[in-house]
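[1] Make a model of this:
(2 chains)
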Amino acid sequence: MFSRHATGLGLGWGWSGSARVLVLLPLLAIPGARRIDGSPAARVADDSGATVPALDFTSDRTVRFADIYKFPLRATSRARGAKGAGHLRIAQSPFGIALTADGHLVYDLEVTIEGLRAPRPSGGTYVAWLTTPELDRFDKLGPVEPSGTFSYRVSTMNKFILLVSLEASEAVTKRAGPTVLRGVSPSGLMQNMESHELFSTMPHD
Amino acid sequence: MTDRGCVALRRITRSFAATLLGVAIVPSVAAGQERPNQPARNGRTLEWRMPVPPIQMPMLPGMMAYRPPMTPFLPGIGVDPSSLPVARPREVVNLADGDTLDLAAILVRRVINGKTFVMYGFNGQYPGPLIVVKQSATVVVNFTNRIDLPTTIHWHGVRLDNRFDGVPGVTQDPVLPGESFVYQIHFPDPGIYWYHPHVREDIQQELGLYGNMLVESPDPDYYNPVNREEVLILDDLFMDREEIVPFGEEAGNFSLMGRFGNLFLLNGEPDYHLSVKRGEVVRFLLTNVSNTRSYNVVFGDARMKVVGADISKFQREEWVESVFIAPAQRYVIEARFDTPGEFAITNNVQAINHVRGEFFASVDTLGTITVSEDPAEANYAGQFLVLRENEDVIADIERFRPHFDRPPDHELVLTLRLGEVPSIVVQFMSIDTTYFPPVEMNDAMPMMNWVSNAGNVRWILREPATRRENMDIDWEFTQGDVVKIRLFNDPNSIHPMGHPIHLHGQRLLVLERDGVRTRNLAWKDTAMIPTGSTVDLLVEMSNPGRWMMHCHIAEHLEAGMMMAFTVTPSDARN
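    Residues are numbered from 1 along each chain as shown, chains lettered A, B, ... in the order given. Okay, the predicted model is just below:
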């Protein structure tokens, strides 16, 4: 049933598709649900007596800005000591959620930078860019100073890498210079699970 | 590494490890597998079948075999569908002040894409009758329940007499099958409203019990002049190859994400079509009656502007390129069709594929519009190009400005408590929860959703100040109070998602989102609270009674995400 081969986790033990089915099926044990009638009061009373919580993430905190809208900018070896952060806010919209016609979220992106060395005279300028995780497209955000806060509208990528590079001038249209800061949008934390062993033989339609 | 990065890495590592460990911990065979099926109907037994997930999000093999631990339910058990009336498109009912409408919820036979289904309908229609009344009118609705479940009617958004709000256990008893209830509805505000049951909405609303009310202002210039007005209801139905996917009889299912449909209906039609003439300006009054789905609606390449929201016009009209509309919300849109041809009305979203950890463009056609070569009889291009400032709305809202900057009177946290679900599901959820979109635009977690129900998921409105939750929260106000409510959608629960929060019987302003003041206000009754966001609502407590506040994702409501508050009449103080 089990065969020894390498897995993505380096644990050494893999298992065949049929073995997965046999082993995983019994895992799916769920306690029975209770009868619920149409009355909210009854429903709540019933819910409150429901199964013992396995996980309780409730908290009393109320914070104004959740960290899922913030991400750090880290310096490359060319800019040791520099740092920064990106802060996304859902852009104003009469609908509350701002979307483009093709469904991209529209964010106001605030970029804060600290500690970049000022370029030498005629030594170029720092420029901020957005790119996809595949690096197949670069959208220029605009020039940035070695320190400060800069605001942009982001509406073309739901998942992106933010780069700051040192360019010949602020007029450049293509990124060519060395990267000094980079960060990944919070959506970049989404995991690709295709490589996980459990998903390798998933049935499709 | 940042704290967040560490947490994410820990979660992933823990998840992978626990997933592998999980195979060694073998509990008993799934209880759900042994649940009874529903009795035979028309020669076959109603069984749970795992809906085929989207091709982008295949299921784990074991998940395909899982069956919910409830009896599957679809309406009309033991009824020969051919004995039921064929549902017919909605009719317009104009009611004058004092008029009476007889309204019955009944079983109907619907044929959709060549297949016959037993569904529900108000007066046998899909959607229910479009009730057109004048502002300040009061009408009587004699309602009779002829379906197989207890029910009520909630008149969504209408600031009516509390006795007729249609909430079982709060304002009335459920109307049992065969029984009747008389509603008296007063319409103080012009705009587009809707009615639906407030008992097991996840079943009854999904299966066709919904309709609109159009309340006309006596001011002929209340809206802009247009060539035509279209009242559009957005809905989605969840089907598999053979049948509507069953509901849990004892409790709601799909409680985690809610029930995302896969068949789109405009005004109950899978192939809605509208013909207009070149240059026509059309006012669309949109209502989203879907259990769960939020839409991003685009009308071909037509230029459009947003005019109004749930309960009023906006302070200022705005050009928009699409319409984001959450469950239960309404928007008034005006669009001009300049170019002859055929155009699709589409739902354009960037959906999430959690298996690949990426967004992908998803476009679904909701209907079509044909623009003929013939020019429109009346040309309203000039008026359309002007973005109106609505002085009446601005003046009305200005009265509340003294309340804008004061601290909130009440705070709520939106969160989730998860009961016993398979450990492997929890582990994969932990992987998934490294990122949450502000609003879920697709069912990105079909595996987790399939194993969730109102018995193992409890959605929560939690008041930090009192540590009370849901119906244990007890707020009391006096008529005339203006109350600021701060809602925080906690991103640290195991599965946060955006919640459309609806207040009964009152009107509200979405004052501020994440510290940013809303520039263009309109009175609303339902506000989307995105994941991780803090939203301040300013509520005018104008209407006495005991009222509900809840998430309008039907499955979240069934899983407990509701509370009540009391507004005492101002004359009761004397």
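[2] So what pairs up with residue B:304 in the strands?
    residue B:320, residue B:335 (DSSP bridges).
[3] Hmm, I typed the wrong one, I wanted residue A:109.
    According to DSSP bridges, the residues that bridge with residue A:109 are residue A:88, residue A:152.
[4] Helices of chain A, start to end?
    Counting by DSSP state H, chain A forms helices over residues A:17-24, A:40-48, given from the N-terminal end onward.
[5] is residue B:248 in a bridge, and if so with what?
    The bridge-partner assignment for residue B:248, based on DSSP bridges, gives residue B:72.
[6] what's residue A:114 in contact with, if anything?
    Contacts of residue A:114 were listed using Cβ atoms under 8 Å, 6 or more residues apart in numbering or on different chains, and they are A:82, A:83, A:84, A:147. For glycine as for every other residue, the C-beta is placed from the backbone atoms N, C-alpha and C.
[7] Now rank these by neighbours and give me the top one.
    The most crowded member of the contacts of residue A:114, judged by other Cβ atoms under 10 Å in any protein chain shown, is residue A:84 (28 neighbours).
[8] Pretty sure that residue sits against residue A:73.
    Yes - Residue A:84 lies in contact with residue A:73 (Cβ atoms under 8 Å); the separation is 3.4 Å.
[9] For residue B:425, give its distance to residue B:65.
    14 Å (Cβ to Cβ, to the nearest Å).
[10] now residue B:135
    Noted for residue B:135: a distance of 56 Å to residue B:65, by Cβ to Cβ.
[11] ditto for residue B:505
    Using Cβ to Cβ, we find residue B:505 at a distance of 46 Å from residue B:65.
[12] ok so, going back, tell me which of residue B:135 and residue B:65 has more neighbours.
    Ranked by neighbour count (other Cβ under 10 Å), residue B:135 and residue B:65 place residue B:65 first, with 18 against 15.
[13] Tell me the predicted confidence for the more buried one.
    Residue-level confidence at residue B:65 comes out at 76, pLDDT.
[14] separation between it and chain A?
    Taken as Cβ to the nearest Cβ, to the nearest Å, the spacing of residue B:65 relative to chain A amounts to 5 Å.
[15] same thing with residue B:312?
    For residue B:312, the distance to chain A under the criterion Cβ to the nearest Cβ works out to 12 Å.
[16] Can you give me every residue that contacts the nearest residue to that residue once chain neighbours are set aside?
    In space, residue B:312 comes closest to residue B:523 once its chain neighbours are excluded; the distance is 3.9 Å by Cβ to Cβ, 6 or more residues apart in numbering or on different chains. Contact analysis of residue B:523 by Cβ under 8 Å, 6+ apart lists B:189, B:309, B:310, B:311, B:312, B:393, B:396, B:397, B:507, B:508, B:509.
[17] Now render these as JSON lines, adding neighbour count, pLDDT and secondary structure.
    Rendered in JSON lines, the data for the contacts of residue B:523 read as follows (neighbours: other Cβ atoms under 10 Å in any protein chain shown; pLDDT from 0 to 100; DSSP: H, G, I helix; E, B strand; the rest coil):
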{"residue": "B:189", "neighbour count": "18", "pLDDT": "98", "secondary structure": "coil"}
{"residue": "B:309", "neighbour count": "27", "pLDDT": "98", "secondary structure": "coil"}
{"residue": "B:310", "neighbour count": "26", "pLDDT": "98", "secondary structure": "coil"}
{"residue": "B:311", "neighbour count": "24", "pLDDT": "98", "secondary structure": "coil"}
{"residue": "B:312", "neighbour count": "22", "pLDDT": "98", "secondary structure": "coil"}
{"residue": "B:393", "neighbour count": "19", "pLDDT": "98", "secondary structure": "helix"}
{"residue": "B:396", "neighbour count": "15", "pLDDT": "98", "secondary structure": "helix"}
{"residue": "B:397", "neighbour count": "18", "pLDDT": "98", "secondary structure": "helix"}
{"residue": "B:507", "neighbour count": "22", "pLDDT": "98", "secondary structure": "strand"}
{"residue": "B:508", "neighbour count": "23", "pLDDT": "98", "secondary structure": "strand"}
{"residue": "B:509", "neighbour count": "23", "pLDDT": "98", "secondary structure": "strand"}
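[18] List just the nearest of those residues to chain A.
    Ranked by distance to chain A (Cβ to the nearest Cβ), these are led by residue B:309 at 7.3 Å.
[19] show me what contacts that closest one?
    When contacts are counted by Cβ under 8 Å, 6+ apart, residue B:309 is found next to A:94, B:329, B:330, B:331, B:332, B:522, B:523, B:524.
[20] I'd guessed the third one sits against residue B:286; true?
    Yes - Residue B:330 is within contact range of residue B:286, at 6.2 Å (criterion: Cβ under 8 Å).
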